[in-house]
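# quick one, fold the following:
(chains A and B)
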Amino acid sequence: MIDAYLSELQQVIHRQFCQQLQTQAISLGDIKFQAPPQPDLGEFCIPCFPFAKMLGKNPNEVARLAAQNFVGHPYIQEIQAVGPYLNVKVHRDQFARILCLNILQKQQEFGRSNEGQGVRVMIEYSSPNTNKPLHIGHVRNNLIGMALANIFEFCGYALIKSNLINDRGIHICKSLFVYRKWHPEIESPESIGMKGDHLVGKFYVEFENALRNEREAYAQKKGIDLRRFHKDYAKDLKQRIRDAKDPVEKQKLNQELQQLQQESDAFEEEFLANSEYYQAAMELLRRWEQEDPEVRRDWQKLDQWVIAGFQETYRILGCKFDKIYRESQTYMLGKEHVLDGLNRGIFYRKEDGSIWVSAQRLMEIDPEGFKGFPLKDKVLLRGDGTSVYITQDIGTAILKAQEYNLQRSIYVVASEQALHFKTLFAILKLLGFAWAPGCYHAAYGMVTLPKGMGKIKSREGTAVDADDLIAEMKERAKEKMTEENLRVPEEQVEQISLDIALAALKVFILQVSNEKDLQFDPTQTIAFTGDTGPAIQYSYARIQSIFRKAAEQNIPWPAESQVDYSLLKSPEEFALIRQLWEFPEIIKTITRTYNIGLLVNYLLALTKTYASVYTEHPVLRAETESLRAARLILAKATAQVIHNGMALLGVQVPERM
RNA sequence: GUCCCCAUAGCUCAGUUGGAUAGAGCAUCAGACUUCUAAUCUGAGGGCCGCAGGUUCGAAUCCUGCUGGGGACGCCA
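Residues are numbered from 1 along each chain as shown, chains lettered A, B, ... in the order given. Below is the predicted model of the structure:
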C-alpha cells in the first residue's frame, strides 16, 4: 500500500517533469524523493541538479518550470519550486491514513519486504575460542551478527545463522595444561560454584601468568632487559625516528629498531624452545592431533564446560544459531582441498613439505584488493601435515557452500582479520568456486578502554567480562525501577530489569558504526537516560499505559478506517507520521550498507519526536472524542514501529517499566 | 617500511547515493511534575567537520599529499 502510494507519486511527478520540460531524457528512476530539511517545505523533495545537467539548464529554472501548470492530483496538495528544489506537499490526512492503516493491518510484519526472495545468505558470527569466556568485544560481534541476521530475514532472504567454534589449537591446550597439571582435583565448574567458561578462562590466565614469570626469569638469567622488547619501547623509538631531523641520526635509529625486532624475535623463539610450560602445551597439542584418548577425554571435558557457559551467555543475549561448525571437524576438509589445489598446480610445496600459495597468485586473482601490498607467500599446511588457521577456514567455507548452496556468505569478524579474509576469499577464487565472490567480511572495530586505562586483554584477565557486565547493569536497572514507585508486578522485576539492561547495552553498542573502534568505559558502565535503549523502551511503555487507562475508562477502541486523520495536524504529530513512513526504507538500506546504526538512530529520533507529542498532545484528555480516536491510532502505530525496530535489534520492549 | 581503518561541539557519537542553515546525547545554565509513567519535555550557550591542495553548479562526504590515533603484515587463532 505504501509502495503503491510512493510509486503513484513518482509517476505523477515524472509525468510533470516530462511534460513541463518537454523532454524524454528523464526516466522514472531518476525521480528520487528526499526528505526536505524543514517540515513546512513539504513531505518530499526532488533536487533538480541532475536534470539541469541533463538538459543544459539552470537548476532553479528546471524546478520553476517543473512546478508550473500542475493540474492537481488526489494525493498531492501542491508542488512548489524553492530554488533548485521541487517540493511536494501531499494531502496530509490521506498520507496519515494510508500509513496508519498499513501499520495496524500488518502489525509485526510492517517493514517486512521480499527484496531478498530466493537469495540464500549465511551469516557467521560470534565464533568464540573455547579457552576463555566472552568479553565485551564478543558482545559487539554477537549483537552485530544477530541484528544483521534479523534484518536480512525480515527482507525476505533465506538466512542461515552459523557459529564456528574455534576449539583446537595451542591456546586451547594452554588451559588444558593448567587443568591437568595444577587443578586435576576439580570435578566440575558447579562443584566449585563457577560458570564453566569462567573456570577455563581462569586456567588460561594462570598459564599466561606462569609463562610470563618463566620468561622474566629466563631473561634475567641471560642478562636481558625485557623492557627493551616491550611494545611501548618500540613505539617510543618509532616516535623518535619520526622526530629526528638529521638523516644520519634517523638511519641510526632505524637500524636500532630493526635490530631490536630481530633480537626480540630471536629471544622469544629461544625462550619458547626452552620454556617448560610452553613445550608442555605443545606436547598436548601434538597428542591431541594424534587423537591421544586421554588428552581427547580431558579436552572434551573442558570443551563441554566452556560450551555450557557460552550457551548461558547466548541465552541471555538472545543469540541463536541454525548451524554450529567446529574447527576440529572442518580442518580435515580444508586439508583435502589444499592438497587438491597442490595437485592442480595452484599451490606449491616447499622442501620441508609445507604447502604454500604464492603472493603472485593472490595478486593475480584480486589485483585491486592486494594493490600495493608487499604480500608474502602464505602457508596453508605445515610440513608435518598439521593444519593452520586458514586451513580450517577453507574447509569451513566449502562445507557451508556445499550444505546450503549459498549466494552470499557473510563473516562477522573483527577488522584486525581483514587481511586473513582477503586472502581466504582470494584462495577460494583460485580454487575456482563459483560462489567465492559472494563472500563478504563484515568487519568491526575494536572495543577500547578510555585513555589511561590500558587495553582489553583476555590473556591478562583485564577484559570486561560479558556476564559480569550484564549482571551489573541489571542490578542498576532494578535499583532505578524500585527507586520511586514500582509499576511492574513483583514476579516480573527480574525479567524486566534484564530487558532494560540489555536494551541499554545493545543500543549503546549498535549505535556506533561497525568500522569504528568503540570506546567503552567500564567504570561508568552505560547510562539509562538520554539517547539510550531504555529511553526507547520508555516511550513504548508509556504508550501501553495509555491503552490500559483507556480500557479502564471503558473507552472503545476506534476502528482505524473510520478515524478522521485530518485532526492529526499539529507539527509534532505530523513530524511523527512523516518519520513512521521512513521505517521500511531504513530496513532495506541496511541489507545494502550493513549499517545497523541507521536503525538505532532512527528509533532514537522517532522516540524523541514521540516524547514531545506525548507531552504536548494528550490522548485521553483530547478535546474531542474524534481527536482522541485519531491519537489512539497514532500511538498504536508508533508503538508498533518501535516494537518492530527493537525486535530487529534483538531488544524486548516491556509493557511497563 | 608497506597496506587497511579512523579524525565532526568540552566528552561519547550520528550524518544513506555528494544537495537547502552540519545534528543528537552527556556535561553546563535557565524553566516545566495536584496531569496518559519526569528513564521525560521546553529553551540557551557551545563548530576553520585534523591540516593543505584538487574535482564539482555544490564537499563533513569523492581524489592527492601531510599530521595524529588504532590495526595488520605469524608454520597464533
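# and A:Glu8, its phi and psi?
Backbone torsions for A:Glu8, taken as degrees, to the nearest 10, come to phi -60, psi -50.
# quick check, pLDDT for it.
pLDDT for A:Glu8: 91.
# can you count the residues close to it?
14 (other C-beta atoms under 10 Å). For glycine as for every other residue, the C-beta is placed from the backbone atoms N, C-alpha and C.
# tell me which residue lies farthest from the centre of chain A.
A:Asn69 (49.1 Å; C-alpha atoms, centre = their mean).
# once you drop chain neighbours, what's closest to that residue?
Excluding its sequence neighbours, the residue lying closest to A:Asn69 (C-beta to C-beta, 6 or more residues apart in numbering) is A:Gln20, at 6.5 Å.
# can you give me phi and psi for that neighbour?
phi -70, psi -40.
# against RNA strand B, how distant is it?
Computed as C-beta to the nearest atom of the strand, to the nearest Å, the A:Gln20 to RNA strand B distance reads 18 Å.
# let me see the contact set for that residue.
Applying C-beta atoms under 8 Å, 6 or more residues apart in numbering to A:Gln20 gives the contacts A:Leu65, A:Ala66, A:Ala67, A:Gln68, A:Asn69.
# out of everything not next to it in sequence, what's closest to A:Asp366?
A:Ala426 (4.6 Å).
# for that neighbour, grab the count of nearby residues.
When counting by other C-beta under 10 Å, one arrives at 22 neighbours for A:Ala426.
# report pLDDT for it.
For A:Ala426, pLDDT reads 95.
# secondary structure element holding it?
Per DSSP states H and E, A:Ala426 falls inside helix A:418-430.
# next SSE after that helix?
With DSSP H and E, the next secondary element past helix A:418-430 is strand A:439-444.
# and that next one, what's its mean pLDDT?
Confidence over strand A:439-444 (mean pLDDT, whole number) is 95.
# strands of the stretch 51-200 of chain A, start to end?
In the stretch 51-200 of chain A, the segments counted as strands under DSSP state E, counting those that start in this stretch are A:76-82, A:85-90, A:120-124, A:158-165.
# again but with chain A, I slipped
All strands of chain A, identified by DSSP state E, fall at A:44-47, A:76-82, A:85-90, A:120-124, A:158-165, A:323-326, A:348-349, A:355-357, A:378-381, A:408-414, A:439-444, A:447-448, A:518-519.
# so which of those strands gets nearest A:Ser264?
The closest of those to A:Ser264 is strand A:378-381. By C-beta to C-beta, the value is 21.8 Å.
# which stretches of the stretch 351-500 of chain A form helices?
With helices called from DSSP state H, counting those that start in this stretch, the stretch 351-500 of chain A shows them at A:359-365, A:389-404, A:418-430, A:466-483, A:493-510.
# can you put those helices in JSON lines and add distance to A:Leu381?
Output for the helices of the stretch 351-500 of chain A, formatted as JSON lines (distance: least, C-beta to C-beta, whole Å):
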{"stretch": "helix A:359-365", "distance to A:Leu381": "16"}
{"stretch": "helix A:389-404", "distance to A:Leu381": "6"}
{"stretch": "helix A:418-430", "distance to A:Leu381": "12"}
{"stretch": "helix A:466-483", "distance to A:Leu381": "35"}
{"stretch": "helix A:493-510", "distance to A:Leu381": "38"}
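# thanks a lot, see you next time.
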